[in-house]
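A.B. asks: Give the three-dimensional model of this entry:
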Amino acid sequence: MPQQLIVRWGFLPLWLLLTTTIFFRHPMPIDETRYLSVAWEMWLRGDFLVPYLNGHTYSHKPPLLFWLFELGWGVFGVNEWWPRLVGPLAALLNLLMLRRLAEKLWPDNRQAALTAPWFLIATLLWTLFATSTMFDILLTCCVLLGMMGLVEAAQASAVKGWSCFALAIGIGLLAKGPVIFLHLLPTALLVYLWQPSRQNLRWFGGLIAATLAGGAIALCWALPAAAAGGEEYASAILWHQTADRTVGTKIHARGIYWYLLFLPMLIFPWVSWPRLWQNLRWTTISGDGGLRFSLTWLLSTLVIFSILPSKQLHYLIPMLPAFALLCAQLASQDNSPRKLGLELIPAGLTALTGLFLIVLPKVPGLSQLNWVQTLQPSWGLCVAALAVALAAWTLHFREASVITLSATTVTAVFVGLIFFFQYTGPQYNLQPAAEKLQGFNQQQIATAFVGDYQGQLHFLGRLTQALPVIEARQVNDWTRQHPNGYLISLEKTKPSAADFVQAHREYWLVFRNTQQASLKWHG
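C.D. replies: This next block holds a predicted model:
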């Protein structure tokens, strides 16, 4: 009984361990601080239709994440901890929904359903973003809901399945926009690969109807928001933000093979677990509809996102449950003979990671980073100790189990995050700068930002007014108009003369009075 409870619910302590990391770090600039500021401005305005950032409409993301922040603020009051808990709660929902989807795909294979969450929680890319205040883990909930709808429509009730799919489309559009179509529609359209009997007009009729119904759900927000936000905002949310970012974008533009370069690292440690590769030889994919479904989902998503020009690693997070399903089903076959040398590969790679962290301050190129220069060997030694523990377990039991690999990986990530923010804390903590700006506002001292301001300071400083943004060529005029004011800028090198300087990631956030600003830009 205790072993069954561990297999069934043991991933929950691992999730809790990851969640505690939000209390060891501050909101990460620029993304997390920006999204907090957008929700804060919506809250101040009492406007829950149109997101704003620094006094301007914010069309880059739809409002669902901001609504969730404000829902908690309505219950608990405005605070920082609730918005930062939304991501981990969505991650927990990922794990529970994945188990339910595995039960639908393999109703006769209880082991696959039990182990699927263990695979996902320790897949490195998912693990690193599970506690982030961003959109991708929330979007993954929508993708899982849509996939559950597809399986339900194919296996049991078409009405229930397509209703679930429509809801997933609608919520997904509100979570991160039309990208939900790229995650769900390919698997639905390629139904002949995983459920040939459903390749008929009724299936595609249901798909069209559900997609339109999902779009109608999102339009319940988009149309009123477009009317309230003005013509430019309406054009952005209804067309340009989608078309420009997917076709003609230069934002995060990368080559077609870029994702493949990082894929082995993103699905670590499972890519190094020999049992999966050994079991693959004993598995007949053609006779397993669940495996075909998972492969269709995984490969179609990877191909589509590789073709699109804009690429970020976290864009792939919603496809990782498909990878976890594949791993769970392959591991449940368990027909391969054990080879101890191969079973020790994950421990060996973990040990190499620890060694790399120990020598990191001496690595050419990386050693120039501010936080790398302060790195102590303790981080790498902790990871190396975990590798030794994993190797000892493997030697004793003659195998590296799913549970031990998951526990080791999650613990290593937990340790890594703690050490990372210990060494980089000042570079990712904008609270001092936000409080400095808040003090200026309370004293009615004029301030402006020179360059590109992303709302980093608005929520942290609980600012109630927009921060004026100017270009470098406007500095001279601004300082003449505000002789007692202060200018804020983001710079690559630490200045020798400034009123206030703070590390900001790999840059410096600088506050200058008008005399210092004149010397900087017109000296």
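A.B. asks: now for the longest helix belonging to the chain, which elements pack on it?
C.D. replies: Criterion DSSP state H: the longest helix present in the chain is helix 201-229. Helix 201-229 sits against helix 136-155, helix 158-176, helix 179-189, helix 231-235, with contacts defined as 3 or more Cβ pairs under 8 Å, 6 or more residues apart in numbering; DSSP states H and E. In short, each C-beta sits where N, CA and C put it, glycine included.
A.B. asks: And the chain, what are its domain boundaries?
C.D. replies: 30-217+254-333, 340-428, 436-522 (automatic domain parsing).
A.B. asks: hey, which of those is tucked in deepest?
C.D. replies: Each of those was scored by mean neighbour count; the highest is domain 30-217+254-333, a mean of 20, by mean count of other Cβ atoms under 10 Å.
A.B. asks: give the contact list for the residue nearest to Leu184 when sequence neighbours are not counted.
C.D. replies: The shortest distance from Leu184 to any non-neighbouring residue, by Cβ to Cβ, 6 or more residues apart in numbering, is to Gly146 (4.3 Å). By Cβ atoms under 8 Å, 6 or more residues apart in numbering, the contact list for Gly146 reads Cys164, Phe165, Ala168, Ile169, Gly172, Ile180, His183, Leu184.
A.B. asks: now, among those, which is nearest to Ala236?
C.D. replies: Ranked by distance to Ala236 (Cβ to Cβ), the contacts of Gly146 are led by Ile180 at 18.0 Å.
A.B. asks: give the contact list for that closest one.
C.D. replies: By Cβ under 8 Å, 6+ apart, the residues touching Ile180 are Leu139, Cys142, Val143, Gly146, Ala168, Ile169, Gly172, Leu173.
A.B. asks: Just the helices from the stretch 351-500 of the chain, written as ranges.
C.D. replies: 370-373, 378-397, 402-428, 431-442, 475-481 (DSSP state H, counting those that start in this stretch).
A.B. asks: Out of those, flag the one nearest Gly461.
C.D. replies: Checking those against Gly461 by Cβ to Cβ gives helix 431-442 as the closest, at 3.4 Å.
A.B. asks: quick revisit: I'd like to know which of the helices of the stretch 351-500 of the chain lies nearest to Ala222.
C.D. replies: Counting by Cβ to Cβ, Ala222 lies closest to helix 431-442 out of the helices of the stretch 351-500 of the chain; the figure is 32.2 Å.
A.B. asks: can you give me the angle that closest one makes with helix 402-428?
C.D. replies: On the basis of axes from the mean of the first three to the mean of the last three Cα atoms, to 10 degrees, helix 431-442 is oriented at 40 degrees to helix 402-428.
A.B. asks: Against which helices or strands is helix 431-442 packed?
C.D. replies: strand 447-450, strand 486-491, strand 500-504, strand 507-513.
A.B. asks: how about that helix as PDB, C-alpha atoms only?
C.D. replies: Extracted in PDB, the C-alpha atoms of helix 431-442 (Å, rounded to 0.1, in the frame of the first residue of the first chain):
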ATOM      1  CA  GLN A 431      12.500  46.200  -5.800                       C
ATOM      2  CA  PRO A 432      15.100  48.800  -4.700                       C
ATOM      3  CA  ALA A 433      14.800  50.600  -8.000                       C
ATOM      4  CA  ALA A 434      11.000  50.400  -7.900                       C
ATOM      5  CA  GLU A 435      11.000  51.900  -4.400                       C
ATOM      6  CA  LYS A 436      13.400  54.600  -5.500                       C
ATOM      7  CA  LEU A 437      10.900  55.600  -8.300                       C
ATOM      8  CA  GLN A 438       8.000  55.300  -5.900                       C
ATOM      9  CA  GLY A 439       9.700  57.800  -3.600                       C
ATOM     10  CA  PHE A 440      10.200  60.300  -6.400                       C
ATOM     11  CA  ASN A 441       6.500  60.000  -7.300                       C
ATOM     12  CA  GLN A 442       5.400  60.600  -3.800                       C
END
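A.B. asks: residues making contact with it?
C.D. replies: With Cβ under 8 Å, 6+ apart, helix 431-442 has contacts from 26, 447, 456-457, 460-465, 467, 486, 488, 500, 502, 504, 509, 511.
A.B. asks: For Ala389, give me its contacts.
C.D. replies: Counting by Cβ under 8 Å, 6+ apart, Ala389 has contacts Thr408.
A.B. asks: give me that answer again for 10 Å
C.D. replies: Contact partners of Ala389, counting by Cβ atoms under 10 Å, 6 or more residues apart in numbering, are Ala347, Thr350, Thr404, Ala407, Thr408, Thr411.
A.B. asks: now stretch 19-35, how far from the centre of its chain.
C.D. replies: From the chain centre to the centre of stretch 19-35 is a distance of 12 Å (Cα atoms, centre = their mean, to the nearest Å).
A.B. asks: Same question for stretch 470-486.
C.D. replies: Relative to its parent chain, stretch 470-486 has a centroid offset of 38 Å by Cα atoms, centre = their mean.
A.B. asks: where in the chain is pLDDT low?
C.D. replies: In the predicted model, the chain carries pLDDT under 70 at residues 1-3, 199, 240-250, 282, 334-342, 365-374, 396-400, 522-523.
A.B. asks: coming back round to it: tabulate the helices and strands packed on helix 431-442 (TSV), appending distance to Pro117.
C.D. replies: Shown next, in TSV, are these (distance: least, Cβ to Cβ, whole Å):
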stretch	distance to Pro117
strand 447-450	44
strand 486-491	41
strand 500-504	37
strand 507-513	39
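A.B. asks: what's the closest of those to Pro361?
C.D. replies: Nearest of those (Cβ to Cβ): strand 500-504, 17.6 Å.
A.B. asks: Give me the angle between the closest one and helix 402-428.
C.D. replies: 160 degrees.
A.B. asks: Next, give me the two most distant ones among the contacts of Gly146.
C.D. replies: Cys164 and His183, at 14.8 Å, using Cβ to Cβ across these.
A.B. asks: From Met134, how far out is Phe11?
C.D. replies: 22 Å (Cβ to Cβ, to the nearest Å).
A.B. asks: same for the helix or strand hosting Ala331, what does it pack against?
C.D. replies: Using DSSP states H and E, Ala331 sits within helix 320-333. Here helix 320-333 is seen to pack against helix 81-105, helix 110-121, helix 124-129, helix 136-155, helix 258-266, helix 274-282, helix 289-307, helix 402-428 when contacts are counted using 3 or more Cβ pairs under 10 Å, 6 or more residues apart in numbering; DSSP states H and E.
A.B. asks: wait, Trp258 sits on Leu266?
C.D. replies: No - Trp258 lies out of contact with Leu266 (Cβ atoms under 10 Å); the separation is 11.9 Å.
A.B. asks: where do the contact lists of those two overlap?
C.D. replies: Counting by Cβ under 10 Å, 6+ apart, the contacts common to Trp258 and Leu266 are Leu313.
A.B. asks: And what about the spatially closest residue to Phe421 that is not a sequence neighbour, helix, strand or coil?
C.D. replies: Excluding the flanking residues, the one nearest Phe421 by Cβ to Cβ, 6+ apart is Arg25, at 4.3 Å. With DSSP: H, G, I helix; E, B strand; the rest coil as the basis, Arg25 sits in coil.
A.B. asks: Count the residues that sit near Arg25.
C.D. replies: Counted with other Cβ atoms under 10 Å, the neighbours of Arg25 add up to 19.
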